[in-house]
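Fold the following, please.
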Amino acid sequence: MALRSTEGPAVPTAIERFVKQLVVTHKAVQLYPFSSSIPHENALVVIELLHSILRDASDLRLGVSKEGLVFEGVPVFEGQPAYEAFTQEFYNRGLAEVRFHVGVREKDVAGFLGVLKSSAEEIEAAGGFESRLWDAGVDSITVKEASVKILDESQKPVAKTGDDEPWPPDSMRIDEILAAALGGRPRDERVLVRIIESPEVVTSYLRETLSARGGAPGGVTAATRFKELAAMVARQPAEVRAALASALADAVAGLDPGDRRQLLTEHLLPDARSNEALAAIVRQMDIDEVCELLVAGLADDDASAEGLARAVRYLAQVSMAQRDEVFNAAGAAMRGAGLAEETVNAVIDNVMPSQLTVRDRGDQSAERRALDSVLKIVEMAPRATGERFEDSPDFARLADEARAGLVDGDIVRAMVTLVTADPHGPQFSSMMALIEDSIDLLVRRGEYDVAADVAAELRLGATVEGLDPARVERVHSAIVRFAQPKDMRNVTKAMRMYERGTPEYDACRSLLTVLGSEAIDPLLEVLADEPDMAARKALVDLISDIAADFIDDLSRRVSDERWYVVRNVVAILGKTRRPEILSALGRTLRHSDARVRRETIRALSGVKDRLAEEMLIAALDDGDAQNVQLAARFLGSIGARGSAQAIAQVALGEGCGSREISARTEAIESLGKLGGPVAVATLEALAGKRSFLGSSRTRELRVAAEAALRAMSGGGAQ
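I've put the predicted structure just below:
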């Protein structure tokens with residue numbers, strides 16, 4: 001039979017029967033547990049119908065629209081509510097196409113339909129529909145996920161780039177390019193780099209974004225976008241990174257002074273302490289100019305002075321200049337703005353205090369009255385010995401601290417400031433002893449913002465020139481105390497609890513970034529022990545955010561005896577898309593567990609490097625059919641013409657790897673994509689092959705080869 005009807009736009013009967021059985025199987029999967037035989041029995045019927053269809057085609061593709069499934073542009077069971085409702089299950093989860101490859105098994109069908117038990121939100125949290133299929137071990141059914149683009153037709157391009165991109169792009173288009181580039185699309189990454197190279201374009205983009213969009217404060221949105229631009233710069237080759245960082249610094253300099261000050265003081269300087277990509281941008285800015293900007297428009301009140309001191313402290317932490325140089329620049333800027341010497345000294349002393357002070361946090365009348373009531377109850381409590389507790393100096397200090405709003409985090413933060421201000425001083429040991437006794441409580445009590453500040457200050461203090469090695473080691477040991485597995489579990493749990501962009505989430509993220517390599521091993525242990533799939537996905541994404549800076553630390557973990565730990569590490573390394581990961585992937589490509597090798601193949605497909613292509617070719621010799629199938633698919637997708645000979649061996653069943661029909665059919669399809677003399681000769685040989693015994697395997701290979709040849713000649717869709 002032929003799949004395409006010659007009688008007009010009618011859906012072939014075989015396709016209708018297949019879709020009907022798919023709907024029946026879906027209901028069985030939804031009603032019965034996976035261990036029940038009923039879903040699998042229905043799935044077997046689906047497989048039988050699919051085999052009859054794939055006698056004349058290499059695969060079956062069904063499009064997903066809001067109204068129903070579509071086969072070759074024709075709706076299937078158009079207007080019938082039951083089938084429209086079934087299609088809505090896919091549409092609501094963002095699918096645009098479902099593709100059934102040769103080699104589908106009943107467990108694949110059941111697993112595929114089982115993903116629909118999860119809500120759209122759960123699927124998105126786990127990394128999307130395709131990611132859920134990977135987790136379920138379903139490789140012979142693939143999907144295309146839909147994407148929505150918003151185009152402003154009123155914006156007319158004035159020029160085009162070499163990639164036919166309107167130039168300069170408007171802010172909405174830059175949003176799209178940025179999202180696609182961060183997702184790994186090479187073309188969009190090239191366009192985004194060109195945008196970054198043009199400070200005036202970025203300045204215009206930031207200026208527009210600083211106005212509130214999407215219900216979010218403009219400053220927050222602009223800061224988020226700027227962080228993403230900085231992250232893209234950090235992904236570029238070292239030889240161009242400095243120039244791109246300088247261009248972004250110039251873009252910030254082009255903003256209006258008020259906008260620039262808001263962006264710097266509220267977002268870039270605080271976040272740069274724990275974000276190396278941002279820090280690289282800030283280091284390109286002139287210290288004197290930044291200090292003058294921070295001082296401009298400074299109000300004559302304590303709150304403004306404290307805010308200025310905080311911004312100067314952050315600048316000192318991030319800048320490559322000596323602290324004294326930054327403080328001198330800040331002092332000169334304040335004096336140049338006409339501030340009194342008393343105010344200048346007060347701000348500088350706030351930046352680097354010489355003694356521990358407790359500020360009154362204001363009247364806060366309701367809280368003060370409530371606190372006074374509690375203290376009054378304590379005062380009225382009877383004493384067995386008749387003494388008055390309120391006469392005790394300890395009670396007086398307690399009351400004063402409580403009324404001032406002083407908490408443990410304030411004390412620890414102040415002690416760390418004192419230690420790092422004078423790390424060579426005689427009070428170092430006593431202060432460090434107090435800090436070490438208090439540091440474990442911060443994460444446990446949820447004071448993540450204080451913990452991040454303390455860790456950043458300690459790390460900075462350990463870099464002071466000429467500091468005694470024993471003191472450096474002691475500071476480092478204090479930092480490591482934040483990275484205990486129990487603390488990392490609390491931090492990651494908080495990051496799942498709070499939404500991205502909230503102060504709590506940002507504080508946890510900042511703490512992990514500051515901890516850096518010290519956090520890698522504890523985070524991997526937390527990931528290894530996490531039973532929830534969505535939580536594991538969130539952890540993988542979390543570690544992946546900082547993985548590019550710690551490839552060596554992660555690579556050491558591929559020797560772990562636990563296969564699932566190695567698989568997690570490979571997944572994290574793969575998200576970096578860096579050629580530096582190939583050494584580690586060379587080891588995992590030979591791992592004894594097929595699941596680890598499969599994740600390695602997936603990771604290799606995202607690395608743009610000749611060695612990665614050669615490693616994918618080597619994966620064609622894998623003994624696992626799914627692994628060979630995936631390697632062939634990826635090689636065809638990336639257009640690796642140098643792999644044609646190796647793929648041809650798989651297609652002919654002559655390779656050293658698996659010779660199962662699914663792997664051979666995938667290889668045939670990849671040859672159709674690659675083209676060339678080797679591909680044509682191999683496909684013609686398979687297409688002309690006949691079986692005297694009527695082998696279904698030979699027939700499937702022949703049909704797949706014929707379809708690939710038609711695709712190469714433009715006579716069929718791939």
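
how close does the residue nearest in space to the middle of the chain get to residue 68?
Residue closest to the mean C-alpha point of the chain, counted by C-alpha atoms, centre = their mean, is residue 541 at 4.3 Å. When distance is defined by C-beta to C-beta, to the nearest Å, residue 541 is 34 Å away from residue 68. In this view, the C-beta of every residue, glycine as well, is placed from N, C-alpha and C.

next one: residue 700
29 Å.

pLDDT weak spots in the stretch 601-718 of the chain?
689-697, 714-718 (pLDDT under 70).

Helices of that one, start to end?
For the stretch 601-718 of the chain, the helices defined by DSSP state H, counting those that start in this stretch cover 610-618, 625-637, 644-652, 661-674, 677-687, 696-712.

between these, which one is nearest to residue 563?
helix 625-637 (14.4 Å; C-beta to C-beta).

burial measure for residue 631, as a count.
For residue 631, the count of nearby residues is 35 (other C-beta atoms under 10 Å).

what does residue 37 give?
9.

Find the least confident helix or strand in the chain, judged by mean pLDDT.
Using mean pLDDT, DSSP states H and E, the weakest-scoring helix or strand in the chain turns out to be strand 159-160, at a mean of 42.

So which bits of stretch 443-455 are buried?
443, 446, 447, 448, 449, 450, 451, 452, 453, 454, 455 (16 or more other C-beta atoms under 10 Å).

farthest pair in those residues?
The two members of these with the most space between them (C-beta to C-beta) are 446 and 455, at 15.4 Å.

and residue 244, what is it in contact with?
193, 196, 197, 233, 236 (C-beta atoms under 8 Å, 6 or more residues apart in numbering).

From these, list just the buried residues.
193, 196, 233, 236.

Just name the closest of those to residue 604, please.
residue 236 (21.1 Å).

if we can go back for a sec, which stretch among the helices of the stretch 601-718 of the chain comes nearest residue 203?
Minimum separation from residue 203 across the helices of the stretch 601-718 of the chain (C-beta to C-beta) falls at helix 610-618, 36.9 Å.

which helices and strands does the closest one pack with?
Under the contact criterion of 3 or more C-beta pairs under 8 Å, 6 or more residues apart in numbering; DSSP states H and E, helix 610-618 touches helix 582-588, helix 594-604, helix 625-637.

can you redo those as a markdown table with distance to residue 59?
Formatted as a markdown table, the helices and strands packed on helix 610-618 follow (distance: least, C-beta to C-beta, whole Å):
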| stretch | distance to residue 59 |
| --- | --- |
| helix 582-588 | 29 |
| helix 594-604 | 20 |
| helix 625-637 | 11 |
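
Return the set of buried residues in the longest helix along the chain.
Criterion DSSP state H: the longest helix present in the chain is helix 13-31. Within helix 13-31, the residues scored as buried using 16+ other C-beta under 10 Å are 14, 15, 18, 19, 20, 21, 22, 23, 25, 26, 28, 29.

same thing with stretch 330-339?
Neighbour-count burial for stretch 330-339 [16+ other C-beta under 10 Å]: 330, 331, 333, 334, 339.

Would you mind pulling the contact partners of that stretch?
In this structure, residues lying in contact with stretch 330-339 by C-beta under 8 Å, 6+ apart are 288, 291-292, 294-296, 298, 308, 312, 315, 341, 343-344, 347-348, 351.

Looking at the residues you listed, which are in helices?
Using DSSP H, these in helices are 288, 291-292, 294-295, 308, 312, 315, 341, 343-344, 347-348, 351.

follow-up on the earlier one: of the contacts of residue 244, which is the nearest to residue 139?
Closest approach between those and residue 139, by C-beta to C-beta: residue 236, at 33.1 Å.

Am I right that that closest one is in contact with residue 193?
Yes. Counting by C-beta atoms under 8 Å, residue 236 touches residue 193, with 6.7 Å between them.

Just checking, which helix or strand succeeds the helix or strand harbouring the residue nearest to the centre of the chain along the chain?
According to DSSP states H and E, residue 541 maps onto helix 533-547. For helix 533-547, the succeeding helix or strand toward the C-terminus, using DSSP H and E, is helix 551-555.

which other residues reach that next one?
517, 520-521, 547, 569, 572-573, 576, 578, 580-581, 583-584.

Name the member of those with the shortest distance to residue 138.
residue 572 (22.0 Å).

so how far is residue 562 from that closest one?
In this view, residue 572 and residue 562 are 15 Å apart by C-beta to C-beta.

neighbour-wise, which of the two wins?
residue 572 (28 against 11).

Verify the stated contact: the more buried one with residue 544.
Yes. If you go by C-beta under 8 Å, residue 572 and residue 544 touch, sitting 5.1 Å apart.

quick one, strands of the stretch 351-500 of the chain?
With DSSP state E, counting those that start in this stretch, there are no strands along the stretch 351-500 of the chain.

Could you list the low-pLDDT ranges of it?
In the stretch 351-500 of the chain, residues with pLDDT under 70: 351-411, 421.

Now find how far off-centre stretch 627-635 is within its chain.
Stretch 627-635 sits 25 Å away from the centroid of its parent chain (C-alpha atoms, centre = their mean, to the nearest Å).

Can I get that stretch in PDB, CA atoms only?
What follows is stretch 627-635, C-alpha atoms only, in PDB (Å, rounded to 0.1, in the frame of the first residue of the first chain):
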ATOM      1  CA  ASN A 627      23.300   3.900  21.100                       C
ATOM      2  CA  VAL A 628      24.100   3.200  17.500                       C
ATOM      3  CA  GLN A 629      20.800   4.500  16.400                       C
ATOM      4  CA  LEU A 630      21.400   7.800  18.300                       C
ATOM      5  CA  ALA A 631      24.900   8.200  17.000                       C
ATOM      6  CA  ALA A 632      23.800   7.700  13.400                       C
ATOM      7  CA  ARG A 633      20.900  10.100  13.900                       C
ATOM      8  CA  PHE A 634      23.100  12.900  15.400                       C
ATOM      9  CA  LEU A 635      25.800  12.500  12.700                       C
END
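
From the rest of the structure, what touches it?
101, 103, 139-140, 594, 597-598, 601-602, 604-605, 613, 616-617, 619-622, 643, 647, 650, 655, 657-658, 660, 662-663, 666-667, 669-670, 674.

if we can go back for a sec, would you point out the most distant pair within the buried residues of helix 13-31?
Largest pairwise distance in those, by C-beta to C-beta, is 22.2 Å, between 14 and 29.

and residue 463, how many residues sit next to it?
11.

Same check on the one 4 residues further on?
In terms of burial, residue 467 registers 15 neighbours under the definition other C-beta under 10 Å.

Got the phi and psi for it?
phi -70, psi 140 (degrees, to the nearest 10).

which residues touch it?
423, 424, 461.

Return the closest of those residues with respect to residue 711.
residue 461 (63.7 Å).

Return the residues in contact with the closest residue to the closest one other than its chain neighbours.
Using C-beta to C-beta, 6 or more residues apart in numbering and skipping the chain neighbours, the partner closest in space to residue 461 is residue 420 (3.5 Å). Taking C-beta under 8 Å, 6+ apart, we find residue 420 in contact with 457, 458, 460, 461, 464.

Helices - which of those land there?
Short answer: the contacts of residue 420 in helices (DSSP H) are 457, 458, 460, 461.

Distance to residue 260 for the residues you listed - can I get that in CSV?
Listed next are those as CSV, based on distance: C-beta to C-beta, whole Å:
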residue, distance to residue 260
457, 26
458, 30
460, 25
461, 30
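
Can you pick out the most distant pair from the residues you listed?
So, these by C-beta to C-beta: farthest apart are 458 and 460, at 7.3 Å.

Please identify which of those two sits among more neighbours.
residue 458 (23 against 20).

The more buried one touches residue 479, doesn't it?
Yes. Counting by C-beta under 8 Å, residue 458 does reach residue 479; the two are 5.2 Å apart.

follow-up on the earlier one: what's in contact with the helix holding residue 541?
In contact with helix 533-547 (C-beta under 8 Å, 6+ apart) are residues 122, 125-127, 131, 135, 492, 495-496, 509, 512-513, 516, 519-520, 523-524, 526-527, 530, 554, 568, 571-573, 575-576.
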